[in-house]
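A.B. asks: quick one: sequence plus predicted model below, questions after.
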Amino acid sequence: MIMSSTANLVLAAVGGFALGLIYFAALWITLRRLAVSRHPAVLSLGSLLVRVVLALAGFYLIGAGDWRRFLLALGGFIAARLFLVRRWGQRRLARLPARGGTAP
């Protein structure tokens, strides 16, 4: 019984991480498409609505009425954000030109 409870908590954290990956990847895709969109406001609002509904539904299903599962899912969601910021941030920094030794 204890193993099953522990496994459920671990799955809640993993589910929150997956939910975060989906949420923030969709946000990244939306931001990249805004520059070429004919209707950026519709794209922004539509993406926001879809991402929020999916996140709320995911938290509702993962939490299943247990505050510990919800809290672990939220931690996984935040961990996914930190992971993606570091991963995508390193890629962006690698493309920036090196600065010279003089200050502007």
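C.D. replies: Great, that's in hand.
A.B. asks: so who does residue 89 touch?
C.D. replies: Contacts for residue 89 were tallied using CB atoms under 8 Å, 6 or more residues apart in numbering; there are none. (C-beta placed from N, C-alpha, C; glycine too.)
A.B. asks: in which helix or strand does it reside?
C.D. replies: Assigned by DSSP states H and E, residue 89 falls within helix 67-95.
A.B. asks: can you check residue 19 too?
C.D. replies: Using DSSP H and E, the element containing residue 19 is helix 2-34.
A.B. asks: do the same with residue 57
C.D. replies: Assigned by DSSP H and E, residue 57 falls in helix 40-63.
A.B. asks: in that helix, what counts as buried?
C.D. replies: Of all the residues in helix 40-63, those buried under the rule 16 or more other CB atoms under 10 Å are 43, 47, 51, 55, 58, 59, 62, 63.
A.B. asks: for that helix, packing partners?
C.D. replies: Helices and strands touching helix 40-63, by 3 or more CB pairs under 8 Å, 6 or more residues apart in numbering; DSSP states H and E, are helix 2-34, helix 67-95.
A.B. asks: mean pLDDT lowest for which of these?
C.D. replies: Among these, helix 67-95 carries the lowest mean pLDDT, a mean of 87.
A.B. asks: and the angle from that helix to helix 2-34?
C.D. replies: 40 degrees (axes from the mean of the first three to the mean of the last three CA atoms, to 10 degrees).
A.B. asks: for helix 67-95, buried residues please.
C.D. replies: Those would be 69, 70, 72, 73, 74, 76, 77, 80, 81, 84, for helix 67-95 by 16+ other CB under 10 Å.
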